[in-house]
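Asks: sequence and predicted model, in that order:
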Amino acid sequence: MKKIFILCLLTCIVIVSSSQAVLNEVYAQPGSGYNEFFELYNPGTTPGSENLDNYTLVTYYEEPGGKSGFYVLDLPNQTLNSQGYYVCASQSPFNIQGQPGLTANSDWNSLPPSGSLTKWEKTGSTYTSVTVPANLNDLFVKTTGSGGVFHVFLFKNGILVNGIIAGINITVIPAYIKSMPNLFVDMSGSSPDFTINFNAIPDNGIEYISSSAGTNNGYYRSADGKCGVWLKSDSPGQHNPGQTNGSAENAQGQLSVAAVISQYETDPTKSLLTYNITSGPATAFAVTVEVYSDLGVIGELDLNDVFVDSRIIGSAAAGSQDIILPTNDDPVIIVIKSASGCQDKIIPVQVFLSSLPIHLISFQGNINKANKATFQWTIANNEAVDQFEVQRSYDGIEFKTIGIVFASEKKDNEDYLFYETISSFNKVMYRLKMISKGNEVGYSKILVFQTKLTTNQNNIKIIGNPVNDKLTFSFTASVARSIDIKVYDMSGRMMMNNKVNSLEGNNMFSFALSPTLKPNLYLVEVNNGTDIQTAKFVKQ
């Protein structure tokens, strides 16, 4: 397969996409005659529903006399449709500011046998079960003298999926929560029991809003399921239980993402999506990135979109991810979900070109200690090429053309070279814009360089492990020299032998694996004449 390669520093975990409920509204401080409620939203696009039987809502409370503990609401065996809403209140029908007689999906004071509400009071290093007050309308408050601080945690099968701490100016889980004893949760029916270790809850596993609710107020998202858009309600009509708060289709969160769709040369009926989270605070990770074929309303995430791929990305250093798309002409939607389960960013990606006649065999680059960047690429059918544009970006979003390389007159395979010297950088990205003689345009994948990578000399990093038909890795060389690259099976038998030229600094290499290599574990060896480095990889 003729592919380009890309720097990837982490092995990405592929997971199965599924629906998930997240908190969407919390009416935590009702006035006289009004009822507390919370709303869940299912941001999934796969037609169907999420069973709430394995969901548990846990809220922290403090009471006079130094008492503290948790309410545990085991949700009943009811369903939450994709892109739908689930409302649970202190009674049904229920009243909120400006809206009387609303209908809830359930009320926590009168739950069916598949659900339950219990109260657990801290007693030393454990908890004692105490009676839940009749007609409880105070599920959400920690008394602080004025207003309130609210702590709400949502679990699925014992795993924290979402939560909110509101009414206090913090961005970490407070020490009085971290120091609470582990809480055992006895679930109803066949739902699995679990134990909550509050000290182990990650700070980025929940969301925060500093505004104090005051009286007859609560909190709501300005867009359904979107990260970081919690607002305090302060007037009638701002809460919309069971109705949309606004679309998160144009969600633009704190992560910067570059994405491109290009030709997949092995199968012309398919295409290749390459995306890269180029920057973002460490506290935002890990994130889940889902990819959908955009078959509904173009540019919007909806139920007609078809799930393609889901991966967990651990940091902004993870590098580019490659996903084979099922068609060569469908645009896609990229959805990024934060550790707290909400949607940080939704990105529509259009197809650049479904059938580019230029066949790019390889594209590799190097940046040495003097910040001289050198790029080499090989074309299989050079007669189809008009020119190349070498493009650079520091944010992965805006690419600037820094040089033009015109095609030679040679037919069939041809090699090209381009170099420049750049100023100091933390991260820089390059790609090729390829223009055919028929004015068709295509793009290579993105090569990513980071200064931090040059500190580990002679350290092999396998890219995209497990691999398919091509092995790609990065390697740092102290000087420019010829190196031998060999592949061995685990019995020590040499299966492949290549000789390439490395340059001083960070190098990236990519070569096709022999079709005789069967799916198995192998060893790649890099020998520069004075030092030998090895790394294992899995051939799929």
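Replies: Perfect, I can see it now.
Asks: ranges for the helices of the stretch 101-250 of the chain?
Replies: Applying DSSP state H, counting those that start in this stretch to the stretch 101-250 of the chain gives helices spanning 175-178.
Asks: can you report phi and psi for residue 52?
Replies: Backbone geometry at residue 52, expressed as degrees, to the nearest 10, gives phi -90, psi 0.
Asks: quick one, domains of the protein?
Replies: 22-232, 250-349, 360-452, 456-539 (automatic domain parsing).
Asks: tabulate those (JSON lines), appending distance to residue 241.
Replies: C-beta: built from backbone N, CA, C; applies to glycine. Converted to JSON lines, the domains of the chain look like this (distance: least, Cβ to Cβ, whole Å):
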{"stretch": "domain 22-232", "distance to residue 241": "5"}
{"stretch": "domain 250-349", "distance to residue 241": "18"}
{"stretch": "domain 360-452", "distance to residue 241": "38"}
{"stretch": "domain 456-539", "distance to residue 241": "45"}
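Asks: between those domains, which one is closest to residue 244.
Replies: Taking Cβ to Cβ, domain 22-232 is the member of the domains of the chain nearest to residue 244, at 5.7 Å.
Asks: give me the neighbour count for residue 150.
Replies: Counted with other Cβ atoms under 10 Å, residues neighbouring residue 150 total 25.
Asks: so how far is residue 210 from it?
Replies: Going from residue 150 to residue 210 by Cβ to Cβ, to the nearest Å gives 12 Å.
Asks: overlap of the contact sets of the two?
Replies: Common neighbours of residue 150 and residue 210 are listed as 166-167 (criterion: Cβ atoms under 8 Å, 6 or more residues apart in numbering).
Asks: name the spans of the stretch 301-450 of the chain whose pLDDT lies under the cut-off.
Replies: The model of the stretch 301-450 of the chain has pLDDT under 70 over residues 351-356, 397, 450.
Asks: which residues of it fall in strands?
Replies: Taking DSSP state E, counting those that start in this stretch, the strands of the stretch 301-450 of the chain run over residues 306-313, 321-325, 332-337, 343-349, 360-367, 372-379, 385-393, 400-406, 414-421, 427-436, 441-443, 447-450.
Asks: make JSON lines out of those strands and add mean neighbour count.
Replies: As requested, those are exported to JSON lines (neighbours: other Cβ atoms under 10 Å):
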{"stretch": "strand 306-313", "mean neighbour count": "18"}
{"stretch": "strand 321-325", "mean neighbour count": "19"}
{"stretch": "strand 332-337", "mean neighbour count": "24"}
{"stretch": "strand 343-349", "mean neighbour count": "23"}
{"stretch": "strand 360-367", "mean neighbour count": "23"}
{"stretch": "strand 372-379", "mean neighbour count": "20"}
{"stretch": "strand 385-393", "mean neighbour count": "19"}
{"stretch": "strand 400-406", "mean neighbour count": "12"}
{"stretch": "strand 414-421", "mean neighbour count": "15"}
{"stretch": "strand 427-436", "mean neighbour count": "22"}
{"stretch": "strand 441-443", "mean neighbour count": "19"}
{"stretch": "strand 447-450", "mean neighbour count": "23"}
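Asks: residue 138: which of these is closest?
Replies: strand 343-349 (30.7 Å).
Asks: what residues does the closest one touch?
Replies: 43, 225-228, 248-255, 257, 259-261, 273, 275, 284, 287, 294, 298-301, 331-338.
Asks: let's see 6 Å
Replies: Contacting residues not belonging to strand 343-349 are listed as 43, 225-227, 248-249, 251, 253, 255, 257, 259, 261, 299, 301, 332-338 [Cβ atoms under 6 Å, 6 or more residues apart in numbering].
Asks: relative orientation of it and strand 332-337 in degrees?
Replies: Here the directions of strand 343-349 and strand 332-337 differ by 170 degrees (axes from the mean of the first three to the mean of the last three Cα atoms, to 10 degrees).
Asks: angle of strand 343-349 against strand 321-325?
Replies: 50 degrees.
Asks: what number of residues lie near the nearest residue to residue 296 once chain neighbours are set aside?
Replies: Of all residues not flanking residue 296 in the chain, residue 304 sits nearest, at 3.1 Å (Cβ to Cβ, 6 or more residues apart in numbering). If you count neighbours by other Cβ under 10 Å, residue 304 ends up with 14.
Asks: and residue 304, its phi and psi?
Replies: According to degrees, to the nearest 10, residue 304 has phi -80, psi -10.
Asks: distance check, it against residue 298.
Replies: Distance from residue 304 to residue 298, by Cβ to Cβ: 11 Å.
Asks: and residue 20, by the same measure?
Replies: 25 Å.
Asks: then residue 337?
Replies: 22 Å.
Asks: per-residue confidence at residue 489?
Replies: Looking at residue 489, its pLDDT reads 80.
Asks: actually residue 194, sorry about that
Replies: 92.
Asks: what about the nearest residue to residue 160 once chain neighbours are set aside, how many neighbours?
Replies: Nearest residue to residue 160, sequence neighbours excluded (Cβ to Cβ, 6+ apart): residue 205, at 5.2 Å. Neighbours of residue 205 under the rule other Cβ under 10 Å: 18.
Asks: I'd guessed residue 205 sits against residue 161; true?
Replies: No. With contact defined as Cβ atoms under 6 Å, residue 205 does not count as touching residue 161 (8.5 Å).
Asks: on that earlier part again, residue 20 and residue 298: who's more crowded?
Replies: Neighbours per residue (other Cβ under 10 Å) separate residue 20 from residue 298, with residue 20 holding more: 22 against 11.
Asks: so who does that one touch?
Replies: Contacts for residue 20 (Cβ under 6 Å, 6+ apart) come out as 161, 341.
Asks: what do you get if the cut-off is 7 Å, keeping everything else the same?
Replies: 42, 44, 50, 161, 341 (Cβ atoms under 7 Å, 6 or more residues apart in numbering).
Asks: the second one: neighbour count?
Replies: I take that to be residue 44. 25.
Asks: same deal with the last one?
Replies: Counted by other Cβ under 10 Å, the residues lying close to residue 341 total 23.
Asks: I'd assumed residue 161 was in contact with it.
Replies: Yes. The pair residue 341 / residue 161 is scored as a contact, 4.7 Å apart, by Cβ atoms under 7 Å.
Asks: quick one, what contacts the closest residue in space to residue 177 that isn't next to it in sequence?
Replies: Nearest residue to residue 177 in three dimensions, chain neighbours excluded: residue 198, at 5.5 Å (Cβ to Cβ, 6+ apart). Under the criterion of Cβ under 7 Å, 6+ apart, the contact list for residue 198 reads 177-178, 180.
Asks: what packs against the helix or strand harbouring residue 289?
Replies: Assigned by DSSP states H and E, residue 289 belongs to strand 287-293. With contacts taken as 3 or more Cβ pairs under 7 Å, 6 or more residues apart in numbering; DSSP states H and E, strand 287-293 sits against strand 306-313, strand 332-337.
Asks: the longest one pairs with which strands?
Replies: So that's strand 306-313. strand 13-14 (antiparallel), strand 287-293 (antiparallel) (DSSP bridges).
Asks: in a markdown table: those, plus distance to residue 518, mean pLDDT and mean neighbour count.
Replies: A markdown table is the format used below for the strands paired with strand 306-313 (distance: least, Cβ to Cβ, whole Å; pLDDT from 0 to 100; neighbours: other Cβ atoms under 10 Å):
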| stretch | distance to residue 518 | mean pLDDT | mean neighbour count |
| --- | --- | --- | --- |
| strand 13-14 | 22 | 30 | 10 |
| strand 287-293 | 30 | 88 | 23 |
